[in-house]
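S.K.: Using only what follows, build the 3D model:
(2 chains, ligands or ions: 1)
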Amino acid sequence: MNIIVCIKQTPLTDKVEFDSNGNLERDNIESGINPFDEYALEEALKIKDNNPETVISALTMGPPNAGEILRYAISKGCNDGYLLSDILLKGSDTLATSYALAKAIEKINSITKSSLIICGMGSNDSDTGHIASQLAVHLNFPNISLSSKVLSLNENSIILEKKGGQNIEKLEMELPAVISFEKNINCPRLASIKGRLKSGAFKPVIWTIYDIDCEQKKIGIEGSPTFVSECFSPAKKSKTSSIIAGANIEEKAENTAKILKELNFI
Amino acid sequence: MTNLRKNKKTWIINICAAPDSELSAYELITAGREISDGSNESLSCVIIGHEASARADYFFKRGIKKIYIIQGEIYKNLIEEIYSDSLAQLILKEKPDKILFSAAKESKTIAARLAAKLNIGLISDAIKLKSEASGKTSAIKPTFGGDLMAKIESRSNIEMITIRAGFYSKAQLLNPAKNGELINFKPDLSQLNAKIKLVGLSPKPKEDDEDISDAEIVVAAGRGIKTKEEFEMVRQFSDLLGASLGITRPLADLGFASENCQIGITGKTIKPKLYIALGISGKTHHTQGILNAKTIVSVNKDANAPIKDISDYFIEADIKEFLPAMIKKLREIKGMEGTARKS
Ligand SMILES: Cc1cc2nc3c(=O)[nH]c(=O)nc-3n(C[C@H](O)[C@H](O)[C@H](O)COP(=O)(O)OP(=O)(O)OC[C@H]3O[C@@H](n4cnc5c(N)ncnc54)[C@H](O)[C@@H]3O)c2cc1C
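M.R.: Numbering: from 1, shown residues only, chains lettered A, B, ... in the order given. Below is the predicted model of the structure:
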């Protein structure tokens, strides 16, 4: 069985910094694989553990250096990696991104058919969670989002667990299909030494938009119905705080209790 | 501006089977009112679900005059395809201008599918809407985990926006609309080739921790709490204040309490009267969730912790010493000195 896992390079947002004008300092941002994709990747690797003949391709759309997260995916056990990278894709919103990814998937499928397209539940930078559902529409595949577990899998169908509204649902879906997985559902493995060695020599397949047979009016800024018209730093609600002091810890506690009492909380 | 807003149809979509869908709907009503022209015709509601019509009254009672109902067995489970196909048919028929959804992840996936199907833009996770001079609506959303705010607009004729919970107040009860209109819509699902079927169902285990979104007092613990014993003290302190317990993400990741109690951009947004931060540094990701807290008290051993800048009261202290002293003090006040601790 062939599986495509869609992953994204995102900034490690804990480290985002702004210059004196409040603009994002993009140069200093360290990037890595979107943490939510780790769980999706792990689910694909678990399928491969049980069926060693499984071929997993990692696919990403991003800047040229996004090849690094493909290398990371290879080190974990993916078989190959595809990077869709083109300046014309810049400014793509989720509709345009999912369209371009769908075109890349169709291209991979024209070589070998994949049964499963796997995504994370969303990304930690833009945080939309749209891509899996939208990919499914473009590909005309069925789709289950936010699955928490693979219960069984054969050539034609997959049974998944999903924590729905009030219930835990077991859903059977015909293949090929698109799935997104929830976060924190497994413990993503570390790369093996063998995997790391293999990834050293890895070179991703790099495609531009001319390789994927897409309509240019559906990608990039032109193909994106939504756009960012302004960016700003969040208003910091700055307060001058009163310090609750005390000669020792008992006094501090006592003074804290006093204030809570004044405020009518005790 | 109001002229351009006139005659625009704004819809709010209520997906019954999505968790929290009832409460979020009340916030959507407020958001919808803000961007519509205030006329009775402009704001309608679509309720989709197994027994959707049972909810109609909730909305009539909050001043909505026109409600579309899409209901049946088939909506019992949240199969996106069925929901988005049904909604797409109603949208194509009635052609609303603006559609608001909750940004709960279950609603978002349905909205995403719907947007792709209709080939229109979808703005996600707005925390604030604004009416532009053009008659369009722009949405403010946090990105980079809250470190940056983006204003996003849509060029599509139909503007679709999902809205995060906790940023709009809930619509209040009004005198129910007298001539409320209920419209049943039966989508044609014969074209749907069901490639997904339900093969089993089990009840979701009850979450052990309560929902903190509406709590009046929240005591929250951060990485300054390092052991189970210290966390137990946090619980005792919280119990003594009759507070609900919250945590930062690192503590959720470490499994100190369920993810349900996580406060912040990827957790809950809360608006308590009192918020007490214990060993929390005050990273934007976390503080975005407490913007609407009325009084903030923080305890930190670092006198320069960023949380201080948003606190009304700050106590420089080590949690390991502060909590036992505080628990003792509260017990004294409550006349429970020496009594067995509440479990
Ligand atoms: C995409 C993304 C989303 C995120 N979403 C969230 C979210 O929703 N919610 C969230 O909380 N975080 C979130 N985070 C994580 C966030 O960036 C911070 O890492 C986190 O909020 C820090 O938690 P903390 O304050 O508990 O820990 P720290 O930042 O480690 O702070 C611990 C504090 O405790 C103090 N301290 C230590 N020991 C003691 C002691 N003995 N006594 C008193 N004080 C002590 C320290 O001085 C310090 O100020 C997110 C991160 C990313 C990348």
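
S.K.: For chain A, just list every one of the helices.
M.R.: Assigned by DSSP state H, the helices in chain A fall at A:35-50, A:67-76, A:94-111, A:131-139, A:193-200, A:249-262.

S.K.: out of those helices, nearest to A:C119?
M.R.: Among the helices of chain A, the nearest to A:C119 by C-beta to C-beta is helix A:131-139 (4.1 Å). C-beta: built from backbone N, CA, C; applies to glycine.

S.K.: Just checking that closest one against chain B, any contact.
M.R.: Yes - for helix A:131-139, a contact with chain B is found by C-beta under 8 Å from any C-beta of the partner chain, at A:131-134, A:136-138.

S.K.: so can I have CSV of the residues you listed showing pLDDT, neighbour count and distance to B:D97?
M.R.: Listed next are the residues of helix A:131-139 next to chain B as CSV, based on pLDDT from 0 to 100; neighbours: other C-beta atoms under 10 Å in any protein chain shown; distance: C-beta to C-beta, whole Å:
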residue, pLDDT, neighbour count, distance to B:D97
A:I131, 97, 28, 26
A:A132, 98, 29, 28
A:S133, 97, 31, 23
A:Q134, 98, 28, 22
A:A136, 97, 29, 27
A:V137, 97, 25, 22
A:H138, 98, 20, 25
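
S.K.: can you redo the residues you listed as a markdown table with distance to A:Q9?
M.R.: A markdown table is the format used below for the residues of helix A:131-139 next to chain B (distance: C-beta to C-beta, whole Å):
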| residue | distance to A:Q9 |
| --- | --- |
| A:I131 | 14 |
| A:A132 | 18 |
| A:S133 | 21 |
| A:Q134 | 19 |
| A:A136 | 23 |
| A:V137 | 24 |
| A:H138 | 21 |
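
S.K.: tell me the SS of the nearest residue to B:S156 once chain neighbours are set aside?
M.R.: In this structure, B:S156 finds its nearest non-sequential neighbour in B:I120, 3.8 Å apart by C-beta to C-beta, 6 or more residues apart in numbering or on different chains. Here B:I120 is recorded as coil under DSSP: H, G, I helix; E, B strand; the rest coil.

S.K.: So, low pLDDT: which residues of chain B?
M.R.: Within chain B, the stretches with pLDDT under 70 are B:1-7, B:38-41, B:145, B:176-177, B:206-210, B:337-343.

S.K.: and the residue most central in space within it, how far is that from the ligand?
M.R.: Centroid-nearest residue in chain B, with C-alpha atoms, centre = their mean: B:A165, separated by 2.0 Å. The spacing between B:A165 and the ligand, counted by C-beta to the nearest ligand atom, to the nearest Å, is 13 Å.

S.K.: again, but for B:Q288
M.R.: Relative to the ligand, B:Q288 is positioned 8 Å away (C-beta to the nearest ligand atom).

S.K.: Likewise for B:L182?
M.R.: As for B:L182, its distance to the ligand is 39 Å (criterion: C-beta to the nearest ligand atom).

S.K.: What's the local residue count around B:I315?
M.R.: Look at B:I315: counted by other C-beta atoms under 10 Å in any protein chain shown, it has 27 neighbours.

S.K.: these two touch, right, it and A:T256?
M.R.: Yes - using C-beta atoms under 8 Å, B:I315 is in contact with A:T256, at 6.0 Å.

S.K.: got the residues of chain B near the ligand?
M.R.: Within chain B, the positions near the ligand by C-beta under 6 Å from any ligand atom are B:145, B:222-224, B:248-250, B:262-267, B:279-281, B:283, B:285-286, B:300-302, B:305, B:318-320.

S.K.: Which ones among those residues map onto strands?
M.R.: Mapping those onto strands (DSSP state E) picks out B:N300.

S.K.: and the helices of chain A, which is most packed in?
M.R.: Most buried of these by mean neighbour count (mean count of other C-beta atoms under 10 Å in any protein chain shown) is helix A:131-139; its value is a mean of 26.

S.K.: Just the residues contacting that helix, thanks.
M.R.: With contact meaning C-beta atoms under 8 Å, 6 or more residues apart in numbering or on different chains, helix A:131-139 is reached by A:6, A:94-95, A:97-99, A:101-103, A:105-106, A:117, A:119, A:122, A:141-143, A:145, A:176-180, B:80, B:84, B:109-110, B:112-113, B:115-117.

S.K.: How about stretch A:250-265?
M.R.: The list of residues contacting stretch A:250-265 from outside it, by C-beta under 8 Å, 6+ apart, reads A:244-246, A:266, B:217, B:241, B:273-274, B:295, B:297, B:313, B:315, B:317, B:322, B:325-326, B:328-330, B:333.

S.K.: Good, wrapping up.
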